[in-house]
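Visitor: I need the structure of the sequence given here:
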Amino acid sequence: MKALSRILCVRTGLKTGCCVLAALVFSSLVPGVVLAADTERHSGPAMEAWVEGQIEATTVTVDQYTTVTLDEANNRLIVEDFTFTIRGVSFGLNEVRIDFGAGTDIEVTGELDVCGVQPRFWADATVECDSTDGVLYLSSFDDLHLPDAEFAGGFYYPALTAEEFQSWADNLSCILQKSGIAVGVDSGAGTLTGLAVIDDSGTAKVECSWSGGSTTLHGAAAIKAELDSGADSIASQMGGYFSAGEAGGKWFVDIEVGTEVESGYDLVNVDFEFAFCSTKLGITDLNLAFNGSNGFDVDLAETVNSVLFFGDKTTNFTGAGTLAFDGSVPSISFEHITMSDEWAGWQQFITDINSPLFTFMESSIDSLVEDSSLEAGLPRVGSIYVDDDDLVLEGPLLVEGDANLDGNTNIIDAMFIAQYTVGLRELTGDQMVTSDTTDDGWVNIIDAMHIAQFTVDPYSTAGVLFKPLWEEGPDDAMIDPLTV
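Guide: Residues are numbered from 1 along each chain as shown. Predicted coordinates for the structure are as follows:
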């Protein structure tokens, strides 16, 4: 029972961090002020307000409840197939095994399913419970280790002190308490002294031994009902946590756009923090430097490092990636994330798991984009840059004659214009600009004919093309289709 709540806690942290990071990066794409057909601007306060609204609107749903199996031969409780969704990002528990040891010691082995990535973990813990309330607590939590990216070979053991492991235990106990999961027992039974899976008239059950000398039995169906109720409670409380807003004191977001004084780089600077139970997690000085195209660098400034913190632990990181657009709908591909080594072994571990980590982050971001219906206010985005205190999205340079805006000029563009002339198609502002190939201020069948001529005689060597499609002067703002 304890393990499932722990998984809820850990996976909730992963999910929240990823979804917030995505929202912060993509906050540059919220509808802004369109200054021209190919440019829109976004201020820091506007982006911050959008991100806050997205967080407040976050809902958490339980999509698939657990199955519970009791294995008497191995003295083991098995919980499988649990899934919940946050902002379109699905997180699943493939399996967690709780092996009962001496007294109330347990060994936990688990595998998650996060956007197609199946991270595994191992840990030892000790469970406590007082019959006055029946709530489970973790009095100790240690020996946490994770496999490498291939789930074979070496393991990563987080370099945590005894105090830090205890902090984890306290937070997981807090989650257990908030879930409402409790052991059904008479209030005078005392404290929990033993856990074991036994046979009860042909049915496997968990036997809880109490200091007062009594025992209680709990079958798989009863354990499942308690876990499912706890999952619903956690989902409801998480929704309330997000919807309370910054005024609730549990989280905050700050976004500023401008020039970083020390380095001179133009940056979008982000700080955010979440608090759950007694622990805070977040990022300070997340510096997003857009390089003028669709690429971005995280913490481009050499003099300032972005800082990830979890409780008292902090680590600096840098990264880079690319924003791609399918029309106006964005997605992100990460090129690298490099951590410093404040946590012993952490840097190499993140390097080892870059590939599955990127898969998880990119898939989560795609889900967030779909869930929030996020898209740019431009039909296409060619570059992103900082101007004064605004982040500017700019459409790509247009190609002369490219009526369908696919980057090429061919007979399909002539067809688009022909359809427009008879009312079968609408053209956007950019399309009207590229379609006026004769530069007379009108888009009509003559422009369609002009493009058709170009497709068969692009260099005007056969006497078909009556005038060049691109001409110096009137077409300087567009790309010559012969150079594409």
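
Visitor: Spell out the residue ranges of the strands in the stretch 301-450 of the chain.
Guide: Secondary structure of the stretch 301-450 of the chain (DSSP state E, counting those that start in this stretch): strands located at 306-310, 313-326, 329-339, 383-387, 390-394, 398-399.

Visitor: Figure out how far the second one is from the centre of its chain.
Guide: Read that as strand 313-326. 12 Å (CA atoms, centre = their mean, to the nearest Å).

Visitor: Now do the helices in the stretch 101-250 of the chain.
Guide: Counting by DSSP state H, counting those that start in this stretch, the stretch 101-250 of the chain has helices at residues 162-179, 220-243.

Visitor: Now do the first one against strand 306-310, angle only.
Guide: Using axes from the mean of the first three to the mean of the last three CA atoms, to 10 degrees, the direction of helix 162-179 lies 70 degrees away from that of strand 306-310.

Visitor: Same check on the last one?
Guide: Put simply, helix 220-243 runs at 140 degrees to strand 306-310, going by the same axes, to 10 degrees.

Visitor: Put the alpha carbons of the following helix or strand past helix 220-243 into PDB.
Guide: Sequence-wise, the next helix or strand downstream of helix 220-243 (DSSP states H and E) is strand 251-259. The C-alpha coordinates for strand 251-259 follow below in PDB (Å, rounded to 0.1, in the frame of the first residue of the first chain):
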ATOM      1  CA  TRP A 251       3.500  27.300  -6.500                       C
ATOM      2  CA  PHE A 252       4.700  30.300  -8.300                       C
ATOM      3  CA  VAL A 253       5.900  31.200 -11.800                       C
ATOM      4  CA  ASP A 254       7.900  34.300 -12.900                       C
ATOM      5  CA  ILE A 255       8.800  35.100 -16.500                       C
ATOM      6  CA  GLU A 256      10.900  38.000 -17.700                       C
ATOM      7  CA  VAL A 257      12.100  39.000 -21.200                       C
ATOM      8  CA  GLY A 258      15.200  41.100 -21.800                       C
ATOM      9  CA  THR A 259      18.900  41.300 -22.000                       C
END
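
Visitor: Following element in sequence after strand 251-259, please.
Guide: Proceeding N to C from strand 251-259, the next assigned helix or strand is strand 266-276, under DSSP H and E.

Visitor: partner strands of that following strand, parallel or antiparallel?
Guide: strand 251-259 (antiparallel), strand 279-290 (antiparallel) (DSSP bridges).

Visitor: looking at those strands, which is closest to Thr338?
Guide: Nearest to Thr338, of all the strands paired with strand 266-276, is strand 279-290, at 14.4 Å by CB to CB. Using the backbone N, CA and C atoms, a C-beta is placed for each residue, glycine as well.

Visitor: what is the orientation angle of that closest one with strand 313-326?
Guide: Using the same axes, to 10 degrees: strand 279-290 against strand 313-326 is 40 degrees.

Visitor: Hey, what's the angle from strand 279-290 to strand 390-394? Just curious.
Guide: Using the same axes, to 10 degrees: strand 279-290 against strand 390-394 is 50 degrees.

Visitor: Direction included, what does the helix or strand following strand 279-290 pair up with?
Guide: Downstream of strand 279-290, the next assigned helix or strand under DSSP H and E is strand 295-298. Its sheet considered, strand 295-298 pairs with strand 279-290 (antiparallel), strand 313-326 (antiparallel) by DSSP bridges.

Visitor: okay if I get the ones you listed as CSV plus mean neighbour count?
Guide: Listed next are the strands paired with strand 295-298 as CSV, based on neighbours: other CB atoms under 10 Å:
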stretch, mean neighbour count
strand 279-290, 20
strand 313-326, 17
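
Visitor: Dump the ones you listed to JSON lines, plus mean pLDDT.
Guide: Below are the strands paired with strand 295-298 laid out as JSON lines (pLDDT from 0 to 100):
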{"stretch": "strand 279-290", "mean pLDDT": "85"}
{"stretch": "strand 313-326", "mean pLDDT": "83"}
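
Visitor: With distance to Glu426 added, can I get these in TSV?
Guide: Shown next, in TSV, are these (distance: least, CB to CB, whole Å):
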stretch	distance to Glu426
strand 279-290	31
strand 313-326	20
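
Visitor: Let me have the strands paired with strand 266-276 in CSV, extended by distance to Ile365.
Guide: Shown next, in CSV, are the strands paired with strand 266-276 (distance: least, CB to CB, whole Å):
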stretch, distance to Ile365
strand 251-259, 17
strand 279-290, 14
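
Visitor: and Asp99, which of those strands is closest to it?
Guide: Closest approach to Asp99 among the strands paired with strand 266-276 is made by strand 279-290 (27.1 Å; CB to CB).

Visitor: tell me the angle the closest one makes with strand 383-387.
Guide: Put simply, strand 279-290 runs at 100 degrees to strand 383-387, going by the same axes, to 10 degrees.

Visitor: Tally up the residues packed near Ala102, please.
Guide: 8 (other CB atoms under 10 Å).

Visitor: same check, this time on Ser201
Guide: Ser201 has 5 nearby residues by other CB under 10 Å.

Visitor: Val185 versus that one, what's the distance?
Guide: Note on Ser201: its distance to Val185, by CB to CB, to the nearest Å, is 20 Å.

Visitor: Report pLDDT for Gly213.
Guide: Gly213 is assigned 96 on the pLDDT scale.

Visitor: Check Gly53 too.
Guide: Here, the pLDDT recorded for Gly53 equals 91.

Visitor: thinking again about what came up before, of the helices of the stretch 101-250 of the chain, which stretch is the most buried?
Guide: Stretch with highest mean neighbour count among the helices of the stretch 101-250 of the chain: helix 162-179 (a mean of 19; mean count of other CB atoms under 10 Å).

Visitor: pLDDT of it, averaged?
Guide: Rounded mean pLDDT across helix 162-179 is 85.

Visitor: Can you give the distance from it to the centre of its chain?
Guide: Centre to centre, stretch against its chain (CA atoms, centre = their mean), the figure for helix 162-179 is 24 Å.

Visitor: That one packs against which elements?
Guide: With contacts taken as 3 or more CB pairs under 8 Å, 6 or more residues apart in numbering; DSSP states H and E, helix 162-179 sits against helix 2-26, strand 136-147, helix 220-243, strand 266-276.

Visitor: Quickly, which of these bottoms out on average pLDDT?
Guide: helix 2-26 (a mean of 39).

Visitor: circling back: out of the strands of the stretch 301-450 of the chain, which gets nearest to Glu375?
Guide: strand 329-339 (4.9 Å).

Visitor: contacts for the closest one?
Guide: Strand 329-339 is touched from outside by 22, 25-26, 29, 298, 308, 315-325, 346-347, 350-351, 354, 357-358, 361-362, 365-366, 369, 374-376, 381, with contacts defined as CB atoms under 8 Å, 6 or more residues apart in numbering.

Visitor: if you set the cut-off to 6 Å instead, what comes out?
Guide: Applying CB atoms under 6 Å, 6 or more residues apart in numbering, the contact partners of strand 329-339 are 29, 315, 317-324, 346-347, 350, 358, 365-366, 375.
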